[in-house]
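In: have a look; sequence and predicted model below, questions after that.
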Amino acid sequence: MLRSLDASLVPDEWRRINMRTVAHLLGVEFIHDLYNRYDPRINAVRFRHTVTVWKDGIVNSYAPKTEWEELGRIVGYQYYSLDESIIRATRALYKTKRKYYYKLMRALEHTDLENMADRDLASVLLNFQSVVLGELYVLNFVQVEHGLNTAIKQVISEIADDPSQVDEIFVNLIGTEVPTESQREKHRLLKLSLKHRFLKTIGMYEEPRAKADVLRHCAKYSHLYSAYGENPRDFEHFWDEFNSFLKNSNLPTWHLFPKLLSPVSKKNLISLRNKKLSVLVPLLVCGGIFRDKNKALLGNSLKYRFAVLDEIARRGLEGRANLNYYLLSEIIDLLRKGEKLQAQVIAHRAEEGVILSRQENFSLYTSDMDSLLTKDSAPTSLKGQCASKGTARGKCKIVLSKDDVDKVQEGDIMVAIGTDFDLIEAMYRASAVITEEGGILSHASVVCRELKKPCCIGVQDVTRQLKDGQIIEVDATHGQITVIKD
């Protein structure tokens with residue numbers, strides 16, 4: 001179902017489950033369809049009601065809190081009890097070969113889109129959407145992660161001397177040395193800059209030669225950060241980062257031979273001598289790596305989706321900008337039947353945004369869009385969950401999209417709904433990160449642990465509760481955020 005934003009479709013008792021920057025409605029539809037993906041051996045209990053709101057290039061998705069809690073209880077218990085079926089199925093998931101995905105990518109690489117008939121072009125787009133969704137996202141991993149989180153914390157709560165230490169123990173168990181795909185990209189760009197830094201020292205540096213190297217790097221990685229539909233990064237982005245590495249003496253480092261669990265986490269896990277944790281903790285950490293890999297593969301595949309849209313525009317069937325407001329079925333109708341959306345429909349979607357919703361037994365829930373827009377009175381303290389321990393004090397900077405990245409200066413505290421590849425520069429500058437999204441394997445959690453920066457997640461409505469310029473203190477170890485000065 002698709003409605004404009006004046007519709008009342010979001011349940012009163014909702015929870016934000018995603019926030020992304022997405023350039024076109026095809027990407028929004030992909031995300032919305034993802035929430036209904038499941039493997040009956042793992043997450044047969046899943047979201048039955050979801051609402052995805054897209055406006056001004058930003059996607060926010062929601063599910064009822066009751067369903068979130070039910071997922072935690074039921075899927076969490078299956079993991080907690082070390083149910084052999086779900087453990088085996090989860091491990092098999094992580095070993096997915098993605099053979100049809102790679103086959104499709106190879107085929108698209110050698111496909112002459114310009115000489116295809118309109119109907120065949122429609123088939124390419126349909127295959128792309130269905131294969132990528134089915135092969136990369138066999139299921140909605142947020143639900144698996146939530147179940148594993150719940151199970152691990154239950155075990156820790158049973159063996160911890162102090163219940164208040166559960167979150168800290170949890171974080172100390174899931175440290176990994178395996179870099180994210182975005183960190184791998186930065187590492188390769190760093191190595192490129194070190195080569196040219198050496199050439200500078202011996203008087204052989206040539207800017208055209210450096211630009212050619214960076215251009216090749218850009219061609220390989222420009223779509224890495226496009227995972228859910230963000231526009232690809234251009235040469236200037238990589239060139240600026242290359243020059244930053246070239247001039248900076250304090251460069252990031254990566255593990256040469258990364259281990260699944262960091263030495264500290266492995267030592268902590270062994271010291272607890274708990275059979276359940278020995279199974280569940282590696283399962284959770286492997287899941288984070290699996291999800292990050294999928295996100296990178298999805299991003300790199302989007303060049304083909306963009307190529308199809310560009311080809312449709314080249315044929316004069318519809319303006320390229322207008323295609324950003326078409327659903328998949330509408331693009332198929334455009335290609336197969338020549339049916340264009342009316343100009344007023346496109347204008348309305350561009351101005352008002354859209355809502356994609358899925359409801360089963362929707363009468364169980366009341367709907368009130370205002371609940372998403374109501375701002376509570378300014379708090380003096382907020383609570384969240386520790387994702388990376390530590391403390392920091394600095395200026396609050398609200399980051400809702402990549403357009404806000406430059407707001408964050410060295411030492412500021414970055415506050416976001418969630419983070420992704422496109423916000424990583426701000427994360428490098430920030431002294432701490434706070435997010436509304438609560439996954440311990442979320443992008444913010446993983447990157448902050450790698451950078452050893454405090455990170456507090458799952459802080460409800462923090463982007464609306466705090467404001468730019470406030471002096472705040474983050475005690476991520478205890479999940480506490482305190483407003484020091486307005």
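Out: Perfect, I can see it now.

In: so where's the protein shaky on pLDDT?
Out: Along the chain, the parts satisfying pLDDT under 70 run over 1-12, 249-252, 254, 256, 361-378.

In: element containing E236?
Out: Assigned by DSSP states H and E, E236 falls within helix 235-247.

In: whatever helix or strand comes next after that helix packs against which elements?
Out: As assigned by DSSP H and E, the chain's next helix or strand after helix 235-247 is helix 263-272. Counting contacts by 3 or more Cβ pairs under 8 Å, 6 or more residues apart in numbering; DSSP states H and E, helix 263-272 packs against helix 166-173, helix 275-314. (Each C-beta comes from the backbone N, C-alpha and C, glycine too.)

In: can you do 10 Å?
Out: helix 141-159, helix 166-173, helix 275-314 (3 or more Cβ pairs under 10 Å, 6 or more residues apart in numbering; DSSP states H and E).

In: the last one vs helix 263-272, what angle?
Out: It refers to helix 275-314. Helix 275-314 runs at 140 degrees relative to helix 263-272, counting by axes from the mean of the first three to the mean of the last three Cα atoms, to 10 degrees.

In: cool, the shortest one as well?
Out: Here helix 166-173 runs at 120 degrees with respect to helix 263-272, directions being taken by the same axes, to 10 degrees.

In: output helix 166-173 as CSV, nothing but the C-alphas.
Out: The C-alpha coordinates for helix 166-173 follow below in CSV (Å, rounded to 0.1, in the frame of the first residue of the first chain):
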residue,chain,number,x,y,z
VAL,A,166,25.2,-6.9,32.0
ASP,A,167,25.5,-4.3,29.2
GLU,A,168,29.2,-3.8,29.9
ILE,A,169,30.0,-7.5,30.0
PHE,A,170,28.0,-7.9,26.8
VAL,A,171,30.0,-5.3,24.9
ASN,A,172,33.3,-6.7,26.2
LEU,A,173,32.4,-10.1,24.7
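
In: what about the strands in the stretch 301-450 of the chain?
Out: 354-358, 381-383, 385-388, 391-399, 413-416, 432-435 (DSSP state E, counting those that start in this stretch).

In: sheet partners, orientation included, of the fourth one?
Out: The reference is to strand 391-399. Applying DSSP bridges to the sheet, strand 391-399 is found paired with strand 413-416 (parallel), strand 471-475 (antiparallel).

In: now swap in the third one and tell me
Out: Sheet partners assigned to strand 385-388 using DSSP bridges are listed as strand 455-457 (antiparallel).

In: buried stuff in the strand it pairs with?
Out: 455-457 (16 or more other Cβ atoms under 10 Å).

In: distance check, I398 against R197.
Out: 36 Å (Cβ to Cβ, to the nearest Å).

In: which one's more surrounded, the two?
Out: For I398 versus R197, neighbours defined as other Cβ atoms under 10 Å are more numerous around I398 (20 against 15).

In: related to what we said a few turns ago, tell me which of the strands paired with strand 391-399 is the most buried.
Out: strand 413-416 (a mean of 27; mean count of other Cβ atoms under 10 Å).

In: for the stretch 51-200 of the chain, what spans make up the helices?
Out: Under the criterion DSSP state H, counting those that start in this stretch, the stretch 51-200 of the chain contains helices at 65-80, 84-94, 99-109, 118-136, 141-159, 166-173, 181-201.

In: tell me the centre residue of the protein?
Out: What sits nearest the mean C-alpha location of the chain, by Cα atoms, centre = their mean, is D420, with 5.0 Å.

In: and G479, its phi and psi?
Out: In terms of degrees, to the nearest 10, the main-chain angles of G479 are phi 70, psi 30.

In: list the contacts for the residue lying closest to it once chain neighbours are set aside?
Out: Once flanking residues are discounted, G479 sits nearest to G384: 4.6 Å by Cβ to Cβ, 6 or more residues apart in numbering. Neighbouring residues of G384 by Cβ atoms under 10 Å, 6 or more residues apart in numbering: 167, 434-436, 438, 455-460, 462, 474, 476, 478-481.

In: make it 7 Å
Out: By Cβ atoms under 7 Å, 6 or more residues apart in numbering, the residues touching G384 are 434, 456-459, 479, 481.

In: equivalent analysis for L126, please.
Out: L126 neighbours (Cβ under 7 Å, 6+ apart): I332.

In: gap between it and S357?
Out: 23 Å.

In: pull the number of nearby residues for S164.
Out: 9.

In: just the one 5 residues further on next, same as before
Out: Using other Cβ under 10 Å, I169 has 19 neighbouring residues.

In: does it touch I159 like I think?
Out: No. Under the criterion of Cβ atoms under 7 Å, I169 makes no contact with I159, lying 8.8 Å away.

In: how is this protein carved up into domains?
Out: 2-150+282-364, 181-247, 381-485 (automatic domain parsing).

In: centre of the chain to the first one, how far?
Out: Here domain 2-150+282-364 shows a centroid-to-chain-centroid distance of 12 Å under the convention Cα atoms, centre = their mean, to the nearest Å.

In: could you do the second one as well?
Out: Computed by Cα atoms, centre = their mean, the chain-centroid distance of domain 181-247 equals 23 Å.

In: stretch 380-387 now?
Out: 21 Å.

In: in it, which residues are buried?
Out: Result for stretch 380-387 [16+ other Cβ under 10 Å]: buried residues 382, 384-387.

In: which among the residues you listed gets closest to Y94?
Out: A387 (21.4 Å; Cβ to Cβ).

In: scan the contacts of G384 and report the most crowded one.
Out: Most crowded among these, counting by other Cβ under 10 Å, is C456 at 34 neighbours.

In: please report how far the closest residue to that one other than its chain neighbours lies from T435.
Out: Among residues not flanking C456 along the chain, G384 sits closest, at 4.2 Å (Cβ to Cβ, 6+ apart). Using Cβ to Cβ, G384 is found at 8 Å from T435.

In: now the common contact residues for the two.
Out: Common neighbours of G384 and T435 (criterion: Cβ under 7 Å, 6+ apart): 457, 459.

In: burial measure for H478, as a count.
Out: Neighbours around H478, by other Cβ under 10 Å: 16.

In: and if you look at the one 5 residues further on?
Out: Counted with other Cβ under 10 Å, the burial measure for V483 works out to 18 neighbours.

In: that one - nearest residue in space that isn't next to it in sequence?
Out: T380 (5.1 Å).

In: now swap in D118 and tell me
Out: Closest residue to D118 apart from its sequence neighbours, by Cβ to Cβ, 6+ apart: L335 at 4.5 Å.

In: that neighbour against A122, yeah?
Out: Yes. Counting by Cβ under 7 Å, L335 touches A122, with 4.0 Å between them.

In: more neighbours, those two?
Out: Neighbours per residue, other Cβ under 10 Å: of L335 and A122, the larger number sits with L335, 24 against 21.

In: any idea how far S381 is from the more buried one?
Out: To S381, L335 is 55 Å away according to Cβ to Cβ.

In: a markdown table for the strands of the stretch 301-450 of the chain, including distance to A212?
Out: Below are the strands of the stretch 301-450 of the chain laid out as a markdown table (distance: least, Cβ to Cβ, whole Å):
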| stretch | distance to A212 |
| --- | --- |
| strand 354-358 | 42 |
| strand 381-383 | 49 |
| strand 385-388 | 38 |
| strand 391-399 | 33 |
| strand 413-416 | 34 |
| strand 432-435 | 35 |
